[in-house]
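J.: Here is my input, please return the structure:
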Amino acid sequence: MDRKLFFLIIMAFFISTFFPGCTTHNAVMTFQKETGQMAHPGIDYLKAIVVYDSWSGNTELIADEIARVLHCPSVKVDNAEEYTMAEYNLIVVGSPVHGGMPTDEIENFLSSLETIHASAVFVTYGAPLFGSFTANRCLDSMEEKLQGTSLGRFKCNGFHKIFLTYPRHPDKEDKSEAALFAAGLMERVPYDNLPEKQLLQQ
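T.: Sure, this is the predicted structure:
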């Protein structure tokens, strides 16, 4: 068979088989804890922070959406040292997936955390085929450093500048799913994790 024709057949198979999935929505959220039985004191009593790293803006878009729902700061990891993490009863950490792992900056941030009341993690990924699996591996790695405090995890697609996959992602639907994830976290933050002075104001 002519080499050029063979190459074209292989490319056509690859595109028709795998790339349709690059235009669909693959946002997934998982919660590690059921909704609390006690009435939650509400957003006014929740002190949360979102810390993220972002290379091409994908993770930043999701971080900002989660922070909007939580009514809290969205902070790039480079500036995280300006905040005292022990003061927050919910720390949400996000990263792009890089070789199945979070970025070095996020790795270092997670390793530096000492007092963690409650946490959650999220990632964006753009690699085709194996991207969802490497995203899970990345989320696992992040949760391992959070001392068993993770309430949930979220992943969604982001445009990959090299593979050119998932164009226009994260899109409106991805951000809507991220907002639902943030709302789910609010329902799961342990009541006794809220600062005493906030509970007294209830």
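J.: partners of Phe122 in the sheet?
T.: Gly94, Phe154 (DSSP bridges).
J.: hang on, it packs against Glu177?
T.: No: judged on CB atoms under 8 Å, Phe122 makes no contact with Glu177 at a distance of 10.4 Å. To be clear about C-beta, it is placed using only N, CA and C from the backbone, and glycine gets the same treatment.
J.: any idea how far Gly158 is from Leu113?
T.: 25 Å (CB to CB, to the nearest Å).
J.: Tell me which residues touch Asn136, please.
T.: Contacts for Asn136 (CB atoms under 8 Å, 6 or more residues apart in numbering) come out as Lys155.
J.: Just say helix, strand or coil for it.
T.: Here Asn136 is recorded as helix under DSSP: H, G, I helix; E, B strand; the rest coil.
J.: State the distance from the residue positioned nearest the centre of the chain to Ala178.
T.: Nearest to the mean C-alpha position of the chain, counting by CA atoms, centre = their mean, stands Phe122 at 1.4 Å. For Phe122, the distance to Ala178 equals 7 Å [CB to CB].
J.: where do the contact lists of these two overlap?
T.: By CB under 8 Å, 6+ apart, the residues touching both Phe122 and Ala178 are Ile62, Ile66, Phe154, Cys156.
J.: Now for Pro167, how many residues are close by?
T.: Per other CB atoms under 10 Å, the neighbour tally for Pro167 reads 12.
J.: That one contacts Phe159, correct?
T.: Yes: because the distance of 5.6 Å satisfies CB under 8 Å, Pro167 is recorded as touching Phe159.
J.: remind me which residues of this protein are low pLDDT?
T.: The model of the chain has pLDDT under 70 over residues 1-25, 33, 35-44, 192-202.
J.: where along it do the helices fall?
T.: 3-18, 58-70, 104-112, 131-144, 172-186, 196-200 (DSSP state H).
J.: Enumerate every residue touching Gln32.
T.: If you count contacts by CB under 8 Å, 6+ apart, then Gln32 has Ser150, Leu151, Gly152, Arg153 around it.
J.: could you redo the last one with a cut-off of 6 Å?
T.: Ser150, Leu151, Gly152 (CB atoms under 6 Å, 6 or more residues apart in numbering).
J.: Out of the residues you listed, which sit inside strands?
T.: Counted as lying in strands by DSSP state E, out of the contacts of Gln32, are Ser150, Leu151, Gly152.
J.: And for the closest residue to the second one other than its chain neighbours, the neighbour number?
T.: Nearest non-adjacent residue to Leu151, counting by CB to CB, 6 or more residues apart in numbering: Arg188, 4.7 Å away. Other residues within reach of Arg188 by the criterion other CB under 10 Å amount to 18.
J.: I appreciate the help and will end here.
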